[in-house]
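Undergrad: This is a predicted model, with the sequence first.
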Amino acid sequence: MKDASTDRARIALSREEMRKFGYAVVDLLAEHFANVQDGPVGAKGDPSKMIPLFDRDPPEIGRDPNELLAQLERDVFPNNLHVDHPRFFAFVPGPNNFVSTMADALAAGFNIFNGTWLGGSAAAAVELGVVRWLCRVCRLPKSAGGLFVSGGSMANLTGLVAARHSFLQDRLNGAMVYFSDQTHSSVERALQVIGFAREQMRKLSSDEHFRLSIQKLSEAIASDRAKGLRPFCIIANAGTTNTGAIDPLNALADLAAKEKMWLHVDGAFGAAAVLSERGKQMLSGLERADSISLDPHKWLFQSFECGCVLVRDVALLQSAFQIKPDYLRDVHRNAAEFNPADHGVQLTRSFRALKVWLSLQTFGVAAFRNAITRGFELAEIAERELRARKGWKILSPAQMATVCFRFGDSDGVQSELVDLMMRDGYALLTSTELRGVASLRLCTVNPRTTEQDIVETVKRLDQFARQL
Ligand SMILES: Cc1ncc(COP(=O)(O)O)c(C=O)c1O
């Protein structure tokens, strides 16, 4: 019998309404994936216009979701940067794939709890399977394992917690961490969050190729030991955000072994390249890391949020994070069951592994391998086009799908070029600083980028630069 009060408390749509709304959402997404390259790379909204649109109380009586979709189409979707646009070369692009998006809908739709084996045994099994495959791709030993997390920031934090726990028993006094000045800020933030003071971080100036210098590192470690400090962790880059530089992983692994230190490799951006032949060569030594960050939402073409931390000895990850509260006693009865929540910060977790699994199964590993290789080639095409034009200087040649360059001598011009390209809407890039010098940068990890996209982007950059 129908109870009138349930109608008033109805947070649900009828089957027909669900279908209508759901199909409209899918249609919108299919159009986006099919046509994104034909429109602008997105737009940055004006805060004075954008914020008032949403800074309002929600209605007392609900509205038709299909009408709301129209509002989103008008106000929300166009007023962001399309990080999946084939001519989005800024920061690290997010060249998502449609299957990954649908997997997100499924994971959210079934609202699968991916925290424990008891709550989501199949989800835990899928996660275990994908993580073990990633460990094999990175050539880690059988003891390795890991976890899907929100992204590189959380992957770095999680790996560093494992390091802190297993090497310092969480006692931080005098413990010292070493990394280059090219290391992503998320590493410093993670260290801060887990209790390290600024003076416990040695940020060493990188060499002429933007890599961590073994000599400077050895000297810093020796000097700190002489002061009675406790060097315990080296953080290496497998593809820096700025230039794609890879720190000398084998030499760092040798040093870490000699000094009995933990080696964490931040491969949030670059480690996925190990799947390709070129990446495998360049990332030699990755397999010697104690922990690795690798973001599928970057160069493995997944939707946000999808990062991954891999740890050489997964038991260390578990001993760093596992707590057994009374109310989870049913969860911990069988030690053979994999409880993701015992390996990281989150208890309630979305089923991130599903999208990686579903897209790998749909497209096959070869497609991913080729898509990664394409990223390498596109940056090389950009470098070639830039070198062919007068006034352009390459500050860091194409490597790991990244090339850095500038026009002329003025730092201001590089920022103006970013703004002009943004206003133009054809392609988007951002700038950075390399040794205090402003540099433009193209990151070309989107496999849907064409050679023509790159050629035309460089042509427009060149035209704008000459107008300035
Ligand atoms: C090398 C590197 N590490 C860490 C991060 C942080 O990753 P996320 O933004 O996914 O947290 C990034 C992001 O671009 C990165 O490039």
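TA: Ah, there it is. Numbers count the residues shown, from 1 in each chain.
Undergrad: what about Q37, how many neighbours?
TA: Counted by other Cβ atoms under 10 Å, the residues lying close to Q37 total 17. All C-beta atoms are positioned from the backbone trio N, CA, C, and that covers glycine.
Undergrad: tell me the SS of it?
TA: Under the three-state scheme (DSSP: H, G, I helix; E, B strand; the rest coil), Q37 adopts helix.
Undergrad: Also V403?
TA: Per three-state DSSP, the secondary structure class of V403 is strand.
Undergrad: Could you check how many residues crowd around it?
TA: So V403, with other Cβ under 10 Å, has 29 neighbours.
Undergrad: That one contacts A382, doesn't it?
TA: Yes. The pair V403 / A382 is scored as a contact, 5.2 Å apart, by Cβ atoms under 8 Å.
Undergrad: Run through the protein and note the low-pLDDT ranges.
TA: 1-6 (pLDDT under 70).
Undergrad: Please identify the residues of it in proximity to the ligand?
TA: The interface of the chain toward the ligand, taken as Cβ under 6 Å from any ligand atom, is made up of V92, G151, G152, S153, H184, S186, T241, D266, A268, F269, D295, G307.
Undergrad: hey, what's the last one bridged with?
TA: The one in question is G307. Going by DSSP bridges, G307 is paired in beta bridges with V149.
Undergrad: ok, it - contacts?
TA: Contacts of G307 were listed using Cβ atoms under 8 Å, 6 or more residues apart in numbering, and they are 148-155, 268, 293-297.
Undergrad: out of the residues you listed, which is most surrounded?
TA: Of the contacts of G307, with other Cβ under 10 Å as the count, S293 tops at 35 neighbours.
Undergrad: got any residues that touch both of V403 and A382?
TA: L442, T444.
Undergrad: next SSE after the top helix by length along the chain?
TA: Counting residues, the longest helix found in the chain (DSSP state H) is helix 365-387. Going down the chain from helix 365-387, the next helix or strand is strand 392-399, by DSSP states H and E.
Undergrad: same for that next one, what does it pack against?
TA: Secondary-structure packing of strand 392-399 (3 or more Cβ pairs under 8 Å, 6 or more residues apart in numbering; DSSP states H and E): helix 365-387, strand 402-407, strand 437-443.
Undergrad: give me that answer again for 10 Å
TA: The contact analysis (3 or more Cβ pairs under 10 Å, 6 or more residues apart in numbering; DSSP states H and E) places strand 392-399 against helix 365-387, strand 402-407, strand 430-434, strand 437-443, helix 451-467.
Undergrad: List the buried residues for it?
TA: By neighbour count, with 16 or more other Cβ atoms under 10 Å as the criterion, the buried positions of strand 392-399 are W392, L395, S396, P397, A398, Q399.
Undergrad: Looking at those, which one is closest to the ligand?
TA: Q399 (13.7 Å; Cβ to the nearest ligand atom).
Undergrad: mind listing what the closest one touches?
TA: 209-210, 239-240, 243-246, 270, 278, 282, 376, 379-380, 383 (Cβ atoms under 10 Å, 6 or more residues apart in numbering).
Undergrad: What residues are bridge-paired with it?
TA: Beta-bridge partners for Q399, by DSSP bridges, are T402.
Undergrad: Next, work out how far apart it and S439 are.
TA: 14 Å (Cβ to Cβ, to the nearest Å).
Undergrad: go on, A366?
TA: Noted for A366: a distance of 35 Å to S439, by Cβ to Cβ.
Undergrad: Look at those two and report which has more neighbours.
TA: S439 (21 against 9).
Undergrad: Quick check: the gap between the more buried one and T430.
TA: As judged by Cβ to Cβ, S439 and T430 stand 10 Å apart.
Undergrad: Quick check: neighbours shared by the two?
TA: In contact with both S439 and T430: Q414, using Cβ under 10 Å, 6+ apart.
Undergrad: Cross the contacts of G307 against strands and list the overlap.
TA: F148, V149, S293, L294 (DSSP state E).
Undergrad: Find the residue at the geometric middle of the protein.
TA: D295 (4.1 Å; Cα atoms, centre = their mean).
Undergrad: who touches it in this structure?
TA: D295 neighbours (Cβ under 10 Å, 6+ apart): 92, 94, 149-155, 266-272, 302, 304-309.
Undergrad: ditto for V36
TA: Residues near V36 by Cβ under 10 Å, 6+ apart: G42, H82, D84, H85, P86, R87, F88, R448.
Undergrad: Equivalent analysis for D75, please.
TA: Neighbour list for D75: G45, K49, M50, L53, F54 [criterion: Cβ under 10 Å, 6+ apart].
Undergrad: what are the ranges of the strands in the stretch 51-200 of the chain?
TA: 145-149, 175-180 (DSSP state E, counting those that start in this stretch).
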